[in-house]
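[1] Predicted coordinates and the sequence they were generated for:
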Amino acid sequence: MKRQTTLAMFGILFAAAMALGMVSVSGFSQPLFVASTTDTKATNQMGMFGHITLTATDPDGKIISYIQTDNIIVNVGENCVAESLFNVTTTDSTYKCDGEGTHSGANKNGVADGGFTYIAIGDIQIEPNLAGAGNVTLADELDIGRVKDTDPMVSESNDVNSAAEVTLTGVFIATADGTTDVDESGIFDAEDGGNMLARKTFTAISLAKDDKLTVEWKITLGGS
């Protein structure tokens, strides 16, 4: 009976020790640790996202069309960014960066010296799912010419959950008689040819002669 009472008392004391997170080993109390099986992930993620705003106005400044939408960062653009950051050459022959940069090595690699600062527009509307990540050019770029933003705006990241944001702006003036339809736009690193960073198709904007189209791209890097 005494032995049963002792065992019962030991059980009570052991249960109390477990509740307090302590067990007695050879007379010394040790913390009871339980390993966590849950992965811990950083709250900020390094991603690259784009947003485009298009504003069309007539010669008197009246807004005739306004569109806001997210864009697609294409594969070749991602490859060019990777090459420039780490001074390597893309081996994927399908979506390779054309190597316009001046990084060291036998083959120049990365974004061209001027960066992704050229905005282009096109006049062929295609299905949104065909404006995919594998695009390297616009479907049908207008010969109105690309516009270079010589002074892009940069908003820098300043804490763990913030993002860096670059804003590019291009202004196009319709010069052709009749109507010019614009339904795609892209960012490039050259005045002609070169590598494309981002692309977006949208509902056609019809411009008469002397109408103005302002295209604003915002590229965001990082953030939570």
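    Okay, I see it. Since we're looking at a predicted model, the values are computed, not measured.
[2] how about the helices in this protein?
    Secondary structure of the chain (DSSP state H): helices at 2-19, 75-86.
[3] For those helices, which has the smallest mean pLDDT value?
    Within the helices of the chain, the least confident segment by mean pLDDT turns out to be helix 2-19, at a mean of 44.
[4] For the longest strand anywhere in the chain, buried residues please.
    Looking across the chain with DSSP state E, the single longest strand is strand 196-208. Within strand 196-208, the residues that qualify as buried are Met196, Leu197, Ala198, Arg199, Lys200, Thr201, Phe202, Ala204, Ile205, Leu207, counting by 16 or more other Cβ atoms under 10 Å. Bear in mind the C-beta positions are built from the backbone N, C-alpha and C, glycine included.
[5] what residues are up against Gly186?
    Residues in contact with Gly186 (Cβ atoms under 8 Å, 6 or more residues apart in numbering) are Ile119, Ala120, Gly122, Asn135, Thr137, Leu138, Glu141, Met196, Leu197, Ala198, Arg199, Lys200.
[6] ok, the first one touching Thr150?
    Pointing back at Ile119 there. No - the pair Ile119 and Thr150 fails to qualify as a contact (Cβ atoms under 8 Å) at a distance of 11.9 Å.
[7] who's more crowded, these two?
    It is Ile119, of Ile119 and Thr150, that has more neighbours when counted by other Cβ atoms under 10 Å, with 23 against 7.
[8] Contact partners for that one?
    Contact analysis of Ile119 by Cβ under 8 Å, 6+ apart lists 146-149, 168-170, 185-188, 215, 217.
[9] Then Thr179?
    Counted by Cβ under 8 Å, 6+ apart, Thr179 has contacts Ser206, Leu207, Ala208.
[10] all strands for this protein, in order.
    Using DSSP E, the strands of the chain run over 22-25, 28-31, 48-57, 63-70, 72-73, 118-122, 147-148, 153-155, 163-173, 179-188, 196-208, 212-222.
[11] and stretch 88-108, C-alpha only, in PDB?
    This file holds the C-alpha atoms of stretch 88-108, laid out as PDB (Å, rounded to 0.1, in the frame of the first residue of the first chain):
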ATOM      1  CA  VAL A  88      26.500  35.900 -65.900                       C
ATOM      2  CA  THR A  89      25.200  35.000 -69.400                       C
ATOM      3  CA  THR A  90      21.800  33.400 -70.000                       C
ATOM      4  CA  THR A  91      22.100  30.000 -71.500                       C
ATOM      5  CA  ASP A  92      18.400  29.600 -72.400                       C
ATOM      6  CA  SER A  93      18.500  30.200 -76.200                       C
ATOM      7  CA  THR A  94      14.700  30.800 -76.300                       C
ATOM      8  CA  TYR A  95      14.500  33.800 -73.900                       C
ATOM      9  CA  LYS A  96      18.100  34.800 -73.700                       C
ATOM     10  CA  CYS A  97      19.200  38.400 -73.100                       C
ATOM     11  CA  ASP A  98      20.800  39.700 -76.300                       C
ATOM     12  CA  GLY A  99      23.900  40.800 -74.400                       C
ATOM     13  CA  GLU A 100      23.800  44.500 -75.100                       C
ATOM     14  CA  GLY A 101      25.500  45.400 -71.800                       C
ATOM     15  CA  THR A 102      29.100  46.100 -71.100                       C
ATOM     16  CA  HIS A 103      29.800  43.600 -68.300                       C
ATOM     17  CA  SER A 104      33.100  41.700 -68.500                       C
ATOM     18  CA  GLY A 105      33.600  38.500 -70.400                       C
ATOM     19  CA  ALA A 106      33.800  37.300 -74.000                       C
ATOM     20  CA  ASN A 107      30.100  37.900 -74.500                       C
ATOM     21  CA  LYS A 108      28.800  41.200 -73.300                       C
END
